[in-house]
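**Q** build the 3D model from these lines:
(one chain, ligands or ions: 1)
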Amino acid sequence: MRLADAHVLVTGASSGIGAALAHALAGEGARLTLTGRDRERLAAVAAATGASTVVCDLATQAGELAARAGHVDVLVNNAGVGWAGPFVEMPAGSAERLLAVNLAAPIALTRLLLPGMLAAGRGHVVFVASIAGAVGVAREAVYSATKAGLTVFAEGLRHELHGTPGVGVSVLLPGVVDTPFFVRRGAPYPRRRPAPIPPERVARAVVAAIRHGRPESYVPGWLRLPARLRGAAPGPFRLLARRFG
Ligand SMILES: NC(=O)c1ccc[n+]([C@@H]2O[C@H](COP(=O)([O-])OP(=O)(O)OC[C@H]3O[C@@H](n4cnc5c(N)ncnc54)[C@H](OP(=O)(O)O)[C@@H]3O)[C@@H](O)[C@H]2O)c1
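**A** Have a look, this model is predicted:
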């Protein structure tokens, strides 16, 4: 779909991929509403992109955000949080927080904003998932589960909307991206390879997914190989995953 003059709501736009996406969408002529919790960082991105802002916590305020955003042509569910470490050592409430922000809030926002798109016969919903949701990552089991949930929710929705012209669903599955995500989750990215990619690369992939109606985009593209191997040959995939992480 055309992005010029489209009203795009981007969650998690105060940092990382969401901030890079705000800049990319502004360059396409989109009208932006940006959300996040950090008022100052959000205001800085909005000032640079001519956007409106809604400061809110998606764990509890998805309904309020949808009401304040009004009619939205494109919803980008990008906000997300991580946690890394042994599952049994997860502090009380952490799993619930990941499920609320990464999975429940995107489903709630989609439930509230999709009817307007269907009525207008024009719209697009984007989910920023992760390669973790396609393969499962050790020490990130709950994070992986939230992203797998997002990916399969999108797939079901896409089946359901088949035959509904003008309304599309896209999932992005990034690998490691150079953002404050790792500092925030309290555990740095532990490997040298694959090297983190810049958030602008994911932002470009999101823009292309909306414009061309791409159902699923791995960023970088080679990441579709481990995902396909897991689907086609789970036994050998597990051996390789244990060997190489
Ligand atoms: N970085 C990676 O390697 C990577 C890889 C694959 C997928 N992803 C996914 O990409 C998305 C963006 O992550 P990023 O790397 O750009 O991380 P980031 O720089 O930490 O940005 C996360 C964004 O989510 C927002 N957010 C977090 N909790 C929120 C809450 N409770 N309510 C409202 N907003 C909230 C943050 O806003 P405030 O801080 O202002 O609340 C921030 O704008 C996430 O869904 C992440 O899972 C990241």
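
**Q** neighbours of E216, how many?
**A** E216 has 18 neighbours, counted by other Cβ atoms under 10 Å. Just so you know, the C-beta spots here come from the backbone N, C-alpha and C atoms, and that holds for glycine as well.

**Q** and the pLDDT at it?
**A** E216 is assigned 98 on the pLDDT scale.

**Q** ok now do it, which residues does it touch?
**A** Applying Cβ atoms under 8 Å, 6 or more residues apart in numbering to E216 gives the contacts 170-171, 173.

**Q** of those residues, which are in range of the ligand?
**A** Filtering the contacts of E216 for proximity to the ligand by Cβ under 6 Å from any ligand atom leaves nothing.

**Q** in the longest helix anywhere in the chain, what's buried?
**A** Longest helix in the chain, counting residues (DSSP state H): helix 141-161. Residues of helix 141-161 classed as buried by neighbour count (16 or more other Cβ atoms under 10 Å): 141-151, 153-154, 157-158, 161.

**Q** which element follows that helix toward the C-terminus?
**A** Downstream of helix 141-161, the next assigned helix or strand under DSSP states H and E is strand 167-174.

**Q** what about the helix or strand following that next one and the ligand, touching?
**A** Following strand 167-174 in sequence order, the next helix or strand is helix 181-185 (DSSP H and E). Yes - Helix 181-185 is in contact with the ligand by Cβ under 6 Å from any ligand atom, via 181, 184.

**Q** what mean pLDDT does helix 181-185 have?
**A** The model assigns helix 181-185 a mean pLDDT of 96.

**Q** from the contact counts, what lies against the helix or strand just after that helix?
**A** Later in the chain than helix 181-185, the nearest helix or strand by DSSP H and E is helix 199-212. Packing partners of helix 199-212 (3 or more Cβ pairs under 8 Å, 6 or more residues apart in numbering; DSSP states H and E): helix 16-27, strand 123-128, strand 167-174, strand 216-219.

**Q** which of these sits closest to F182?
**A** Closest of the helices and strands packed on helix 199-212 to F182 is helix 16-27, at 10.2 Å (criterion: Cβ to Cβ).

**Q** partner strands of the helix or strand following that closest one, with direction?
**A** Per DSSP H and E, the first helix or strand lying C-terminal to helix 16-27 is strand 31-36. In the sheet, strand 31-36 lines up against strand 7-10 (parallel), strand 52-55 (parallel) (DSSP bridges).

**Q** of the ones you listed, flag the one that's most buried.
**A** strand 7-10 (a mean of 25; mean count of other Cβ atoms under 10 Å).

**Q** give me every residue that touches T35.
**A** Listed by Cβ under 8 Å, 6+ apart, the contact partners of T35 are 9-14, 42, 53-56, 58, 65, 79.

**Q** try 6 Å this time
**A** With contact taken as Cβ atoms under 6 Å, 6 or more residues apart in numbering, T35 is in contact with 11, 54, 56, 65.
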